[in-house]
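Q: Below is the structure, and that's it, no one-letter string:
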């Protein structure tokens, strides 16, 4: 009577072992996929933040350097918009290049988000924020000028804060 | 007997699958680790470049570069100014050369991660000597 019990025991152990191996395989697969997805997401997020902060920094620096012969001003444009303006005069007409932060709809999902904008128009054209060109996602853009030093405080879409400092080289700058 | 043989085959198959899975997992973990490292390095390059540009601008506009660097939190070590930031080291080398017509001030701002130099931003400013009329 005891013979079947003895012969069945190794088979049960083998089945349990197979099940254990299968569950180990499943756990490791899930762990690997989760880890991969997490690293992929972190890498993409980090690349996006780097990209946005580089774009903002490059746009601000090149705008000021390119037209530093004019006046660099901070303007309050209404609707809570503070613009960094570089003013140049050609043939007696003043032209304003403005950088500012305003809302725009995201091209991917259509949701309204805060973007860095750039606009260029003459003094006889009324400033309308939507007439500019949105460059990159940016939560806040706070420019200030102190002792011929332009300081712009930025906050990227994930909340990372950075500061851009620029010495205004020309005599007409910094009002 | 036949059932036992089938069970053994399944076990061997499963062990082989797990073996290959482990080999793939080892390679993948290495790839993930490299991706994370590169992402961190890219962030350090970006952040150190932003810092270096700001420091270069401040050094350009000042008459007392040592005071500016001290304000940033730099400490003077071995003739260079160093500041440890989150994940990278900023190093500034200042050189002042007096010439007949004025002072040539050159500085080099570097971002360093471990032994690797991430970025180097050289800048020069010439301050002409005031000529009495």
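A: Structure received. Please read all numbers here as calculations on a predicted model, not as lab measurements.
Q: Quick one: residues contacting the most centrally placed residue in chain A.
A: Most central in chain A under CA atoms, centre = their mean is residue A:52, positioned 3.7 Å from the mean C-alpha point. Each residue near residue A:52 by CB atoms under 8 Å, 6 or more residues apart in numbering or on different chains is listed here: A:136-138, A:156-157. Bear in mind the C-beta positions are built from the backbone N, C-alpha and C, glycine included.
Q: Ok, residue B:107 next?
A: Applying CB under 8 Å, 6+ apart to residue B:107 gives the contacts B:56, B:59, B:65, B:92-95, B:122-124.
Q: ok, now with 6 Å
A: B:59, B:94, B:123 (CB atoms under 6 Å, 6 or more residues apart in numbering or on different chains).
Q: Ok, residue A:57 next?
A: residue A:164.
Q: May I have the phi/psi pair for it?
A: phi -60, psi -50 (degrees, to the nearest 10).
Q: What score does it have for pLDDT?
A: pLDDT, residue A:57: 89.
Q: go on, residue A:29?
A: On the pLDDT scale, residue A:29 gets 89.
Q: same check, this time on residue B:1
A: For residue B:1, the predicted pLDDT is 55.
Q: How about residue B:31?
A: pLDDT recorded at residue B:31 is 93.
Q: can you check residue A:96 too?
A: Listed pLDDT for residue A:96 reads 90.
Q: Now do the contacts for residue A:50.
A: Counting by CB under 6 Å, 6+ apart, residue A:50 has contacts B:42, B:46.
Q: if I've got this straight, it is in a helix?
A: Yes: using DSSP: H, G, I helix; E, B strand; the rest coil, the assignment for residue A:50 is a helix.
Q: Let's verify residue A:88: helix, strand, or coil?
A: Classification of residue A:88 using three-state DSSP returns strand.
Q: Just give me the neighbour total for it.
A: Look at residue A:88: counted by other CB atoms under 10 Å in any protein chain shown, it has 16 neighbours.
Q: can I assume it is in contact with residue A:95?
A: Yes: using CB atoms under 6 Å, residue A:88 is in contact with residue A:95, at 5.3 Å.
Q: any idea how far the residue nearest to the centre of chain A is from chain B?
A: From residue A:52 across to chain B, the span is 10 Å (CB to the nearest CB, to the nearest Å).
Q: How much space separates that residue from residue B:82?
A: Distance, residue A:52 to residue B:82, using CB to CB, to the nearest Å: 29 Å.
Q: got it, and residue B:27?
A: Residue B:27 is 38 Å from residue B:82, where distance means CB to CB.
Q: repeat for residue A:43
A: As defined by CB to CB, residue A:43 lies at a distance of 29 Å from residue B:82.
Q: Same question for residue B:96.
A: Going from residue B:96 to residue B:82 by CB to CB gives 19 Å.
Q: where in chain B is pLDDT low?
A: Applying pLDDT under 70 to chain B flags residues B:1-4, B:131-133.
Q: Any residues of it in contact with chain A? List them.
A: Proximity of chain B to chain A is confined to B:7, B:14, B:18, B:25, B:32, B:35-36, B:39, B:42-43, B:46, B:50, B:54, B:57, B:60-61 under the rule CB under 6 Å from any CB of the partner chain.
Q: helices or strands next to the helix or strand containing residue B:34 in the packing?
A: Assigned by DSSP states H and E, residue B:34 belongs to helix B:2-61. The helices and strands touching helix B:2-61, judged by 3 or more CB pairs under 6 Å, 6 or more residues apart in numbering or on different chains; DSSP states H and E, are helix A:3-66, strand A:161-167, strand B:88-98, strand B:102-113, strand B:116-128.
Q: So the closest residue to residue B:18 other than its chain neighbours versus residue A:112, what's the distance?
A: Closest residue to residue B:18 apart from its sequence neighbours, by CB to CB, 6 or more residues apart in numbering or on different chains: residue A:25 at 5.6 Å. Applying CB to CB, the value for residue A:25 to residue A:112 is 46 Å.
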